[in-house]
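S.K.: Prediction below, plus the sequence it came from.
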Amino acid sequence: MAFTGFQRVGGTITESKDRVIGAVAYAVGDVLMRSTTAGTLIAATSSATPNLMSSGGIVVNSTDGVVTTAEIEPIDYEAEYFAATTNNSDLDHNYMCMALTDQNEVNNSGTDDVSNPIFIQTGTVGVTSDKKIIGQFVRQIS
């Protein structure tokens, strides 16, 4: 089975929190962002910005679409994470900022995304067809 989502590298989750999500099914490793209209966290999208991600986080326990809260690990901007990618991983993409494709992968298109920079690649993991990289979430820029 292919790797999907985001996974913190090393260490343990020290501060997960129950957050309101609405009755939506999410998998472990999905990344959520705040909704400016729904009053909940929602699946991060390709339109996610660092500002919308600032109150979001990574799903720790899967949800079934019935419960309305989920255990969320806040994003640690100093930590490194494994991330699934849309395309095969590529060392030439190191230190490029990437937008999200959706809640469980980044768009590693080979261009530095300055409009919606959510994740910055610092390395690749495994063979290129594993579609797995390591990097950090981009802090909100004010």
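M.R.: Arrived safely.
S.K.: quick one: low-confidence parts of this structure?
M.R.: 1, 11-14, 140-142 (pLDDT under 70).
S.K.: For the most centrally placed residue in it, which non-adjacent residue is spatially closest?
M.R.: Compute the mean C-alpha point of the chain, and by CA atoms, centre = their mean the closest residue is Val31, 4.2 Å away. Nearest residue to Val31, sequence neighbours excluded (CB to CB, 6 or more residues apart in numbering): Ala44, at 4.7 Å. Placement of C-beta: from N, CA and C, glycine included.
S.K.: quick revisit: settle this for me: the residue nearest to the centre of the chain is touching Arg8, isn't it.
M.R.: No. Val31 is not in contact with Arg8 according to CB atoms under 8 Å; the separation is 11.4 Å.
S.K.: between those two, what contacts are shared?
M.R.: Contact criterion CB atoms under 8 Å, 6 or more residues apart in numbering; residues shared by Val31 and Arg8: Ile58.
S.K.: Tell me both backbone torsions, phi and psi, for Ser129.
M.R.: Backbone torsions of Ser129, given as degrees, to the nearest 10, read phi -70, psi -10.
S.K.: Now do it against Met96, distance only.
M.R.: Using CB to CB, to the nearest Å, one gets 19 Å for the distance from Ser129 to Met96.
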